[in-house]
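Student: I would like the atomic coordinates for the input below:
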Amino acid sequence: MSDSAIEHQVFIQDIDGEVPETLSIEVIKQSVLATLQSEAVDVLCVVSVMVTDDEGFRGYNKKYRGIDKATDVLSFPMQVFDHSGWSGIVSLEIDEDTGKLPLGDIIISSESVRRQAEEYGNTVEYETAYLIIHSALHLLAYDHDNDSNEQAMHNRTKQILKEAVNDK
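Tutor: I've put the predicted structure just below:
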C-alpha cells in the first residue's frame with residue numbers, strides 16, 4: 001500500500017470539545033498529513049490535536065511535565081520507537097476496534113502561536129504549520145534533547161514545511 005493511498009485521520013478540537021475557531025483547521029490537518037507522508041508512514045494512523053489557550057495549556061504542562069507555565073506545543077506519542085522516524089517503530093499497536101494506529105496527541109496554544117508569529121515575523125498559518133510539524137515529528141520519536149538532535153529536528157521540520165507550504 002503506498003502512502004498516497006492512505007487516508008490518515010486527524011481529529012481537531014478545542015478544550016471544550018468543539019471545532020476550534022482560533023487556528024486554521026486546514027493548516028493543522030495538512031501539516032500533520034504532510035509530516036506523515038514525508039516520513040513514509042504506511043499504516044493508517046490517527047492523530048488528535050487539541051487547540052487551547054495559554055491558561056489551558058499551562059494546566060496540561062503542569063499536569064504532564066511538572067512545569068507551571070504555558071509554552072507553545074506538547075506531544076504525547078503513543079507508540080514505541082528505537083530511533084527517530086517511521087523506520088524506527090518497534091511494533092505496531094493497532095487499535096483492535098478501529099484497525100487504526102493511534103500515533104499520539106498534540107496540544108497547541110493558539111495564544112502562543114499568535115505571539116510567536118508576531119515575534120518571528122511569520123503569519124499565524126506559517127507558525128501553526130511549523131509547530132504542528134514539529135510536534136508530529138515528536139510523535140515519530142524525533143527529539144531535541146541535545147544540540148545535534150535539535151539541529152536535525154529543526155532541519156527536518158523546515159524541510160517538511162517547505163514541501164507542505166512551498167516555503168522558500
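
Student: mind listing the strands for the chain?
Tutor: Along the chain, the segments classed as strands by DSSP state E run 9-14, 45-52, 73-77, 101-109.

Student: Mean neighbour count for those - can I get that in JSON lines?
Tutor: Where C-beta positions appear, they are placed from N, C-alpha and C, glycine not excepted. As requested, these are exported to JSON lines (neighbours: other Cβ atoms under 10 Å):
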{"stretch": "strand 9-14", "mean neighbour count": "17"}
{"stretch": "strand 45-52", "mean neighbour count": "23"}
{"stretch": "strand 73-77", "mean neighbour count": "18"}
{"stretch": "strand 101-109", "mean neighbour count": "23"}
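
Student: Nearest to Ser91, out of these?
Tutor: Closest to Ser91 of those is strand 101-109 (Cβ to Cβ; 10.5 Å).

Student: mind putting the strands of the chain in TSV, mean pLDDT and distance to Gly85 included?
Tutor: Output for those, formatted as TSV (pLDDT from 0 to 100; distance: least, Cβ to Cβ, whole Å):
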stretch	mean pLDDT	distance to Gly85
strand 9-14	94	20
strand 45-52	96	14
strand 73-77	96	13
strand 101-109	97	13
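
Student: nearest to His138, of the ones you listed?
Tutor: strand 73-77 (3.5 Å).

Student: CA-only coordinates of that closest one in PDB, if you can.
Tutor: What follows is strand 73-77, C-alpha atoms only, in PDB (Å, rounded to 0.1, in the frame of the first residue of the first chain):
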ATOM      1  CA  VAL A  73       3.000  22.800  21.800                       C
ATOM      2  CA  LEU A  74       3.100  19.400  23.500                       C
ATOM      3  CA  SER A  75       3.300  16.000  22.000                       C
ATOM      4  CA  PHE A  76       2.100  12.700  23.500                       C
ATOM      5  CA  PRO A  77       3.400   9.800  21.500                       C
END
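
Student: distance of Ile94 from Ser24?
Tutor: According to Cβ to Cβ, to the nearest Å, Ile94 and Ser24 sit 30 Å apart.

Student: Equivalent analysis for Glu127, please.
Tutor: 11 Å.

Student: Could you check which of these two is surrounded by more residues?
Tutor: Glu127 (23 against 16; other Cβ atoms under 10 Å).

Student: Now do the nearest residue in space to the more buried one that is not next to it in sequence: how many residues are near it, please.
Tutor: Nearest residue to Glu127, sequence neighbours excluded (Cβ to Cβ, 6 or more residues apart in numbering): Ala117, at 3.9 Å. Ala117: 18 surrounding residues under other Cβ under 10 Å.
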